[in-house]
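**Q** Got a predicted structure plus its sequence, pasted below:
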Amino acid sequence: GYVNTRSKLHLCCNEHGTEWKTTSYDKFMAGRSGCHLCKPTGYKTSRPGHIYIQKISGVCNAIKFGITNLSPEERMKQQQRKSILNHEMMFCWEFDDGYMAYLIENEIKRRFKGVVGVVPKEIMDDGFTETLPIEILPNFLKDVKSLCNEVRHGLLS
């Protein structure tokens with residue numbers, strides 16, 4: 001399916017056998033997409049991890065979701081330093097296997113593909129792509145809690 005440097009690619013890591021889709025050849029070559037086990041920085045699926053949901057408010061109101069190997073509170077402090085918004089932790093779940101939190105985040109991104117990124121990058125540079133409309137918060141919390149239980153019981157992989 002390769003057409004040009006902006007074509008979506010389906011890739012496989014020779015070392016780990018993991019597969020992933022990247023948005024473009026350009027993003028892959030710039031190091032912004034790749035095997036989650038090979039990344040030298042950022043979230044490590046091989047370590048314990050958390051899925052978290054924040055309510056953000058200020059010049060815009062939204063939901064912020066994400067994963068972290070840090071405590072969710074420490075990650076929120078990091079984000080708030082680069083944000084003009086107020087961040088409030090609404091939910092977090094810790095997994096001994098960080099890959100489980102990674103699965104949940106990917107499922108959220110898949111289910112809400114057309115709605116993510118409601119907060120402009122200029123307002124919240126760190127993590128703006130993992131934002132959703134505030135109006136869906138009650139149902140979103142229920143959905144994420146269900147996903148956590150499904151992953152914990154091996155129903156989502």
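**A** Thanks, I have the structure now.

**Q** hey, let's count contacts and neighbours off CA atoms from now on
**A** Fine.

**Q** where do the strands sit along this structure?
**A** For the chain, applying DSSP state E gives strands covering 9-12, 19-22, 49-57, 62-68, 86-95, 131-133.

**Q** Any chance of TSV for the ones you listed, columns mean pLDDT?
**A** Putting these into TSV (pLDDT from 0 to 100) gives the following:
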stretch	mean pLDDT
strand 9-12	74
strand 19-22	67
strand 49-57	97
strand 62-68	97
strand 86-95	96
strand 131-133	97
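
**Q** Make a markdown table out of these and add distance to residue 156 and mean neighbour count.
**A** Converted to a markdown table, those look like this (distance: least, CA to CA, whole Å; neighbours: other CA atoms under 10 Å):
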| stretch | distance to residue 156 | mean neighbour count |
| --- | --- | --- |
| strand 9-12 | 21 | 15 |
| strand 19-22 | 17 | 15 |
| strand 49-57 | 15 | 22 |
| strand 62-68 | 17 | 25 |
| strand 86-95 | 14 | 17 |
| strand 131-133 | 22 | 22 |
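
**Q** and of those strands, who's closest to residue 77?
**A** Nearest to residue 77 among the strands of the chain is strand 86-95 (8.5 Å), distances taken as CA to CA.

**Q** Can you say which of the strands of the chain is nearest to residue 145?
**A** strand 86-95 (8.5 Å).

**Q** and that closest one, what does it pack onto?
**A** Applying 3 or more CA pairs under 8 Å, 6 or more residues apart in numbering; DSSP states H and E, one finds that strand 86-95 contacts strand 49-57, helix 72-81.
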